[in-house]
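K.L.:
Starting from these lines, generate the structure:
(one chain, ligands or ions: 2)
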Amino acid sequence: MPHDDLRGFLDALDGQGQLLRITDEVLPEPDVAAAANAVPRLGDAAPALYFDNIRGFTNARIAMNVHGSWANHALALGLPKKTGTKEQVEEFIRRWERFPVEPEWRENPLWAENTLEGDDVDIFQVLPLIRLNDGDGGFYIDKAAVVSKDPDDPEHSGKQNVGIYRIEVKGRRKLALQPVPVHDIALHLRTAEERGEDLPVAIALGNDPVISIVASTPMLYEENEYELAGALRGAPAPIARAPLTGLPVPWGSEVVIEGVVEGRRREIEGPFGEFTGHYSGGRSMPVIRVDRISHRTDPVFEHLFLGMPWTECDYLIAANTCVPLYQQLKADFPEVQAVNAMYTHGLVVIVSTKKRYGGFAKAVGMRVLTTPHGLGYASTVIVVDEDVDPFNLPQVMWALSTKMNPSGDLITVPNLPVMQLAPQAQSPGLVDKLIMDATTPVPPDDRGHYGNQVRDLPEAAEWLDRLQRLADRG
Ligand SMILES: Cc1cc2nc3c(=O)[nH]c(=O)nc-3n(C[C@H](O)[C@H](O)[C@H](O)COP(=O)(O)O)c2cc1C
Ligand SMILES: [Mn+2]
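P.N.:
Numbers count the residues shown, from 1 in each chain. Ligands and ions are numbered 1, 2, ... in the order given. Have a look, this model is predicted:
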C-alpha cells in the first residue's frame, strides 16, 4: 500500500524496525544533526530517527534520515527492506514504464488545519529550526518540495515543477533559494523575471516518501513529477490546491508555505554544507516573501543531514539519478545496458554498453555530457563493457586496470558547464570534462593485446544459488 503522508510512512518504518525513537531529552544543536550525521554509519539498513523531546521546544517533532539507507529507500518504494541496490534501480526503471499516471485531486488536505497569514506569518513558530553543519550560515529547510509553474504556460502540467531546493530561513517570513541553472525552477524564475514579475511558489514540507524521491529526480523539463509519483506508487499521487497560490501541492504534507520569489532581487545566502561535502560559501541568491503558512497540528519537521558521504542525501539521489540518465541514453543508443550515476548526484557517471564498432563507447560517453542533467553535473564519465556491472565497483576498477590505455582512451573536453557548487572547477560553473573509455577495443580499433577473456564457469551461477541457500539455512 502506498503511503499518503509522512506519518503513515514513519509508522511503516517503525513496524519494520527501521525507526529509532530518541526519547531522552536532546539539545537542538548539536544533538539532532550529529545523530543524523552518525546514523548512516550503521550501514545499509540504518534506521530513520524521530525526536520528540528537544530542549527548549514545546511539542517539537523532528524526523531525520527517513530515506537514509537502502533498507528505507526500498520501503519507500514498497519493496522488501533487503532488496539490493541494483534491484531497486531495476525496479525503478520498470515502474517508470507506467509513467505518466495522473494525480488525484483530493479534498480536505491534512495541512489545512492551521493557518498563519500576512504579518502573522512566523516560521519560527511552526518549525523547530536547527543548524546542520557547524559552518552553516543559518537555519535551513533542505527537504521540502518547491512547486512552481512556467509563467509563459502555467496550465501546461508538464511544465509545472516539483523540486527539492534547499532554503535558508532569513527571517520570520523571508527565505532564500538556490536555483541551480540547469534546474526547472531556475527556468521558471528566469521567465518570470523577463516578464518583470515575481514567481509564485508553494513549499511543501514533510511528505510521503515518494514525493521526496520524484522531487529530486532529474526529470526532463516537460515531465511532471506527480505523474512519476503515481507510476512509482502504483496509485495516483493525492494532491490538493494550495489556498493562496492555487499551486498543486501534496495532499498529505505536514506544512505548506506559500509566497513569491521576488523578481530581480538577490541577497547573500549561505554558506551551507553541501552534498559535494564542501561548503557553498556566501553567494547572491533569490529571496522568497512568505505570505501564508498552512500546517498540521504539531507538524513533524522532516529534515535531512548532508555532509561527508554517504549521508541521507546520497541515498535519496542515488537510484533516481541513475534511471533518467539510463533512459535518455538508451533512447539514442539501445546498446546501453546500465548506468550508475549515484555518486554525488552524477558528478561521476559509469555506463556499461555494447559496442557497434571501434570508438562507439566514446560516443556514448559524449552523449552523457549533453543530457540535461549531464550538462550541469557529469564531469567524469567511465564507459565499461556490457559484461561489467557498473554498480560493482571492483569490476569497474578491473575494467579501468586492464581495458583503459591512457594513450587513446582518455578524452577531455575543455570548459564545459557544471553547477557552481562543483569544487573542482577552474572557475565556478566551468570545468574540463573527462571520458574514460574502459571498454575492450573492437574493429577497426585494434589497440591492445587482449587474447581471450576469462569467463565465469558455466556452472558458477547454479553454485552461487546453492551456496546462498546453504548459507541462509546455516
Ligand atoms: C537535499 C537536497 C537538496 C537539494 N538542493 C538543491 C538546491 O539548493 N538547488 C538545486 O537546484 N537543486 C537542489 N537539489 C537537487 C535537485 O532536487 C535535483 O537535481 C532535481 O532533480 C532537480 O529537478 P528539476 O530538474 O525538476 O529542477 C537538492 C536535492 C536534494 C536531495
Ligand atoms: Mn522538474
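K.L.:
Return the residues in contact with the residue of the chain found nearest ligand 2.
P.N.:
At 3.9 Å from ligand 2, residue 184 is the closest residue in the chain, using CB to the ion. Placement of C-beta: from N, CA and C, glycine included. Residue 184 makes contacts with 148, 161, 163, 221, as judged by CB atoms under 8 Å, 6 or more residues apart in numbering.
K.L.:
what's the neighbour count on the closest residue to residue 50 other than its chain neighbours?
P.N.:
Nearest non-adjacent residue to residue 50, counting by CB to CB, 6 or more residues apart in numbering: residue 21, 4.9 Å away. For residue 21, the number of neighbouring residues by other CB atoms under 10 Å comes to 14.
K.L.:
burial measure for the nearest residue to the residue of the chain closest to ligand 2 once chain neighbours are set aside, as a count.
P.N.:
Using CB to CB, 6+ apart and skipping residues adjacent in sequence, the residue nearest residue 184 is residue 161, 4.0 Å away. Using other CB under 10 Å, residue 161 is surrounded by 23 other residues.
K.L.:
Quick check: bridge partners of residue 161?
P.N.:
Note on residue 161: beta-bridge partners by DSSP bridges are residue 148.
K.L.:
if I look at it, how far off is residue 47?
P.N.:
Counting by CB to CB, to the nearest Å, the gap from residue 161 to residue 47 is 32 Å.
K.L.:
swap in residue 346?
P.N.:
27 Å.
K.L.:
and the stretch 301-450 of the chain, which of its residues are near ligand 1?
P.N.:
Residues of the stretch 301-450 of the chain found near ligand 1 (CB under 6 Å from any ligand atom) are 304, 313, 316, 317.
K.L.:
these two touch, right, the first one and residue 314?
P.N.:
Spelled out, that is residue 304. No - in this structure, residue 304 is not within contact of residue 314 by CB atoms under 8 Å, at 10.6 Å.
K.L.:
Which one's more surrounded, these two?
P.N.:
residue 304 (25 against 21).
K.L.:
Tell me how many other residues crowd the closest residue to the more buried one other than its chain neighbours.
P.N.:
Nearest non-adjacent residue to residue 304, counting by CB to CB, 6+ apart: residue 143, 4.2 Å away. Per other CB under 10 Å, the neighbour tally for residue 143 reads 27.
K.L.:
can you confirm residue 143 is in a helix?
P.N.:
No - per DSSP: H, G, I helix; E, B strand; the rest coil, residue 143 lies outside any helix segment and is coil.
K.L.:
roughly how far apart are it and residue 48?
P.N.:
Taken as CB to CB, the span from residue 143 to residue 48 is 12 Å.
K.L.:
cool, and residue 325?
P.N.:
Going from residue 325 to residue 48 by CB to CB gives 28 Å.
K.L.:
what's stretch 40-51 in contact with?
P.N.:
Outside of stretch 40-51, the residues within contact range by CB under 8 Å, 6+ apart are 10, 13, 17-22, 26, 32, 35-36, 39, 60-66, 68-72, 81, 85, 310-312, 315.
K.L.:
so how far is the first residue of that stretch from its last?
P.N.:
This stretch, stretch 40-51, spans 16 Å end to end (CA to CA, to the nearest Å).
K.L.:
swap in stretch 111-118?
P.N.:
Taking CA to CA, stretch 111-118 runs 18 Å from one end to the other.
K.L.:
what's near enough to touch residue 170?
P.N.:
Shown in contact with residue 170 (CB under 8 Å, 6+ apart): 138, 176, 267, 269, 287.
K.L.:
and with 7 Å instead?
P.N.:
Residue 170 sits next to 176, 287 when contact means CB atoms under 7 Å, 6 or more residues apart in numbering.
K.L.:
try residue 278
P.N.:
residue 423.
K.L.:
how about the nearest residue to residue 187, chain neighbours excluded?
P.N.:
Among residues not flanking residue 187 along the chain, residue 221 sits closest, at 6.7 Å (CB to CB, 6+ apart).
K.L.:
Count residues in the vicinity of residue 58, would you?
P.N.:
Residues near residue 58, counting by other CB under 10 Å: 7.
K.L.:
again, but for residue 407
P.N.:
6.
K.L.:
List the buried residues for the one helix or strand it maps to?
P.N.:
Secondary structure assigned from DSSP states H and E places residue 407 in helix 406-409. Neighbour-count burial for helix 406-409 flags residue 409 (criterion: 16 or more other CB atoms under 10 Å).
K.L.:
Please apply the same query to stretch 435-455.
P.N.:
435, 436, 437, 438, 439, 440, 441, 442, 445.
K.L.:
Can you give me the end-to-end span of that stretch?
P.N.:
27 Å.
K.L.:
got the contact list for that stretch?
P.N.:
Contacts for stretch 435-455 (CB under 7 Å, 6+ apart): 355, 357-359, 361-362, 365-366, 381-385, 399-400, 403-405, 408-411.
K.L.:
any idea how far it is from the chain center?
P.N.:
35 Å (CA atoms, centre = their mean, to the nearest Å).
K.L.:
Quick one: mean pLDDT over that stretch.
P.N.:
Across stretch 435-455, pLDDT averages out at 95.
K.L.:
need the helices for the stretch 151-300 of the chain, in chain order.
P.N.:
Taking DSSP state H, counting those that start in this stretch as the criterion, the stretch 151-300 of the chain carries its helices at 184-194, 209-215, 225-233.
K.L.:
most neighbours per residue, which of those?
P.N.:
Among these, ranked by average contacts under mean count of other CB atoms under 10 Å, first place goes to helix 209-215 (a mean of 27).
K.L.:
Show me what that helix is packed against.
P.N.:
On a contact count with 3 or more CB pairs under 7 Å, 6 or more residues apart in numbering; DSSP states H and E, helix 209-215 meets helix 70-76, strand 145-148, strand 161-164, helix 225-233.
K.L.:
Name the surrounding residues that touch it.
P.N.:
Under CB under 7 Å, 6+ apart, the answer for helix 209-215 is 2-3, 9, 66-67, 76, 143, 145, 162-164, 225, 228-229, 232-233, 250, 316, 320.
K.L.:
Confirm for me that residue 223 is in contact with residue 158.
P.N.:
Yes - with contact defined as CB atoms under 7 Å, residue 223 and residue 158 form a contacting pair (6.1 Å).
K.L.:
So the two - more neighbours on which side?
P.N.:
Between residue 223 and residue 158, counted using other CB under 10 Å, residue 223 has the larger neighbour count: 19 against 15.
K.L.:
quick one on the thing from earlier: who are the neighbours in contact with the residue nearest to residue 184?
P.N.:
Residue 161 neighbours (CB under 7 Å, 6+ apart): 147, 148, 184, 185, 188, 225.
K.L.:
Distance check, the fifth one against residue 146.
P.N.:
From residue 188 across to residue 146, the span is 10 Å (CB to CB).
K.L.:
ok, back up a step: can you redo the helices and strands packed on helix 209-215 as CSV with distance to residue 131?
P.N.:
Converted to CSV, the helices and strands packed on helix 209-215 look like this (distance: least, CB to CB, whole Å):
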stretch, distance to residue 131
helix 70-76, 24
strand 145-148, 21
strand 161-164, 19
helix 225-233, 29
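K.L.:
contacting residues around the closest residue to residue 186 other than its chain neighbours?
P.N.:
Residue nearest to residue 186 in three dimensions, not counting chain neighbours: residue 179, with 3.8 Å by CB to CB, 6+ apart. By CB under 7 Å, 6+ apart, residue 179 lies in contact with 165, 185, 186, 189, 286.
K.L.:
I'd say the third one and residue 192 touch.
P.N.:
What it means is residue 186. No - counting by CB under 7 Å, no contact exists between residue 186 and residue 192, whose distance comes to 10.8 Å.
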